[in-house]
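> Give me a 3D structure for the following:
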Amino acid sequence: MVLESRREMDGIGNTMQKKAAELERMAEVLITGEQLRLRLHESKVIKDRRHHLRTYPNCFVAKELIDWLMEHKEALDRDTAIKIMQKLLDQSIIHHVCDEHREFKDMKLFYRFRKDDGTFPLDSEAKVFMRGQRIYEKLMNTENNLLQTREEEGSTYERTLVASEFIDWLLQEGEMATREEAEQLGRRLLEHGIIQHVTNKHHFVDGALLYQFRMNFRRRRRLIELLNERGRSIPESHDSPFCLRKQNSDGSNTSFLSVSPTKEIKLVVGIRRSSMSSSCGSSGYYSSSPTLSSSPPVLCNPKSVLKRQVSPEELQTPGGRFIKKTFTIVGDAVGWGFVVRGSKPCHIQAVDPGGPAAAAGMKVCQFVVSVNGLNVLSQDYRTVSNLILTGPRTIVMEVMEDV
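Numbers count the residues shown, from 1 in each chain. Next up, the predicted model:
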């Protein structure tokens, strides 16, 4: 009897896990599609177009879009680009302007994002994710003390919410009318994988328990992720959050050395900035046990490349031995191509010679001064990592270099 009961509970647990995985995959498609829509509007790929004396507002030409995806390295070839857009069409993110084509074709056909013409099917699941995204953006864009480093059961967790304080904030912001409704919203956010209890032991309850955002709505999704049915099952290490480079398709190794080849080298795994873990929290705030992803191996010395650590004061000494340089780095479909380490200040631990960072002039041993105008001399590499991962694809970095 006990064995049957245990099997029944395991079955229920597996069903809930499968449901949660499905919801998470759906959320990733929604977020990826919305990020692409905004980029296409910014690039003027989406605009009003005329055909046979009729104007079709806010649409794009399939053939031109495929050109754009390849130009921006979101797809290696036209067939891959077609598969990516077909995924968005199948999920009702886009559609043919006259709904005459159920397939995405590499032709001069007009397609449109359903969000641009009000035809997006807002079912209850989609509404939860849109609500979660709005709440996430509100928390990130306003000054408040809700997200803090706190302790629970003897362990320290970063960027946590106290459930009762989160409910207070929801009421204050007019998101919900009563504490009961706010608690129910918190439960739905947890069930949809948007937030989680710090140890995954509890559902959302109005009290002193700690919760974190699992889903980072600002993380730049790579469109190729849409074709990965496994979703975000591979954890991302917070020790090395920036992309090294993937291997070439011919199998040759594009690994790189962060130190002289004569020094001891250890084989580690390159981290893909696109792979976020549901187990460690895709928000990138905390991982109780960071593990390396299954990206192609690269050669990288895990030890610091610095001969000695310097202080922020030494870096900024007038007439000193350090000079300031500014780089504008545009991430490609794989990443930015560098790794940061250290604390107060961080330094560049490794640079992929074939990546965007190297092309901009970045080198190992440079010290990070600012990211997108924000001074980070007093921050550790995890904070700097999160700042870049949650920011735009184009980053402006100031560094100090020993002359």
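
> now stretch 90-105, how far from the chain's geometric center?
Here stretch 90-105 is found 27 Å from its chain centre; the criterion is Cα atoms, centre = their mean, to the nearest Å.

> List of residues touching that stretch?
26, 29-30, 33, 56, 59, 62, 82, 85-86, 88-89, 109-115, 119-121 (Cβ atoms under 8 Å, 6 or more residues apart in numbering). (Glycine included, C-beta is placed from N, CA and C.)

> Could you do stretch 135-149 as well?
With contact meaning Cβ under 8 Å, 6+ apart, stretch 135-149 is reached by 156-162, 165-166, 169-170, 173, 175, 189, 194, 213, 215, 217-218, 390.

> which intervals of the stretch 51-200 of the chain have sub-threshold pLDDT?
122-123 (pLDDT under 70).

> what do you get if the cut-off is 90, keeping everything else the same?
51-54, 73, 76, 91, 115-134, 136-149, 152-159, 173, 191-194, 199-200 (pLDDT under 90).

> Which parts of it are helices?
Assigned helices in the stretch 51-200 of the chain, in chain order: 62-71, 78-90, 114-117, 124-141, 163-172, 179-191 (criterion: DSSP state H, counting those that start in this stretch).

> how about these, which one is nearest Glu313?
Among these, the nearest to Glu313 by Cβ to Cβ is helix 124-141 (31.0 Å).

> Buried ones in that closest one, by neighbour count?
Val128, Phe129, Arg131, Gly132, Gln133, Ile135, Tyr136, Leu139 (16 or more other Cβ atoms under 10 Å).

> Just the buried ones out of the contacts of stretch 90-105, please.
Members of the contacts of stretch 90-105 classed as buried by 16+ other Cβ under 10 Å are 26, 29-30, 33, 56, 59, 62, 82, 85-86, 88-89, 109, 111-115, 120.

> ok, Leu226 - contacts?
So Leu226 contacts Glu28, Val29, Thr32, Ile84, Lys87, Leu88 (Cβ under 8 Å, 6+ apart).

> isn't the fifth one right up against Asn228?
Right, Lys87. No - between Lys87 and Asn228 there is no contact under Cβ atoms under 8 Å: 10.4 Å.

> between the two, which one's more packed in?
Higher neighbour count among Lys87 and Asn228: Lys87, with 19 against 15, using other Cβ atoms under 10 Å.

> Phi first, then psi, for Arg220.
phi -70, psi 110 (degrees, to the nearest 10).

> list the contacts for it?
Arg220 touches Gln35, Arg273, Gly331, Leu389, Pro392, Arg393, counting by Cβ under 8 Å, 6+ apart.

> Spatially central, which residue of the chain would that be?
Closest to where the C-alpha atoms of the chain average out (Cα atoms, centre = their mean) is Arg219, at 2.5 Å.

> That one: what secondary structure?
Three-state call for Arg219 (DSSP: H, G, I helix; E, B strand; the rest coil): coil.

> what's the spacing between it and Glu158?
16 Å (Cβ to Cβ, to the nearest Å).

> Mind listing what's buried along the helix or strand where Ser385 lies?
Using DSSP states H and E, Ser385 maps to helix 381-389. By neighbour count with 16+ other Cβ under 10 Å, helix 381-389 contains the buried residues Tyr381, Arg382, Val384, Ser385, Asn386, Ile388, Leu389.

> Out of those, flag the one nearest to Phe204.
Distances from Phe204 to the buried residues of helix 381-389, taken by Cβ to Cβ, are shortest for Asn386, at 23.5 Å.

> about what we covered before: of all the buried residues of helix 381-389, which comes closest to Gly207?
Asn386 (27.4 Å).

> Quick check: the closest one vs Val339, distance?
In terms of Cβ to Cβ, Asn386 sits 15 Å off from Val339.

> Same question for Glu151.
Distance from Glu151 to Val339, by Cβ to Cβ: 29 Å.

> now Val162
Counting by Cβ to Cβ, the gap from Val162 to Val339 is 34 Å.

> who's more crowded, those two?
Val339 (27 against 18).

> The more buried one contacts Gly355, doesn't it?
No - the criterion here is Cβ under 8 Å, and Val339 misses it with Gly355 at 10.6 Å.

> Kindly tell me how buried the nearest residue to Leu89 once chain neighbours are set aside is, as a neighbour count.
Spatial nearest neighbour of Leu89, excluding adjacent residues (Cβ to Cβ, 6 or more residues apart in numbering): Phe104 at 5.2 Å. Phe104: 24 surrounding residues under other Cβ under 10 Å.

> same question, Phe367
Using other Cβ under 10 Å, Phe367 has 23 other residues around it.

> Contact partners for it?
Val310, Leu315, Phe322, Pro345, Cys346, His347, Ile348, Val399, Met400, Glu401.
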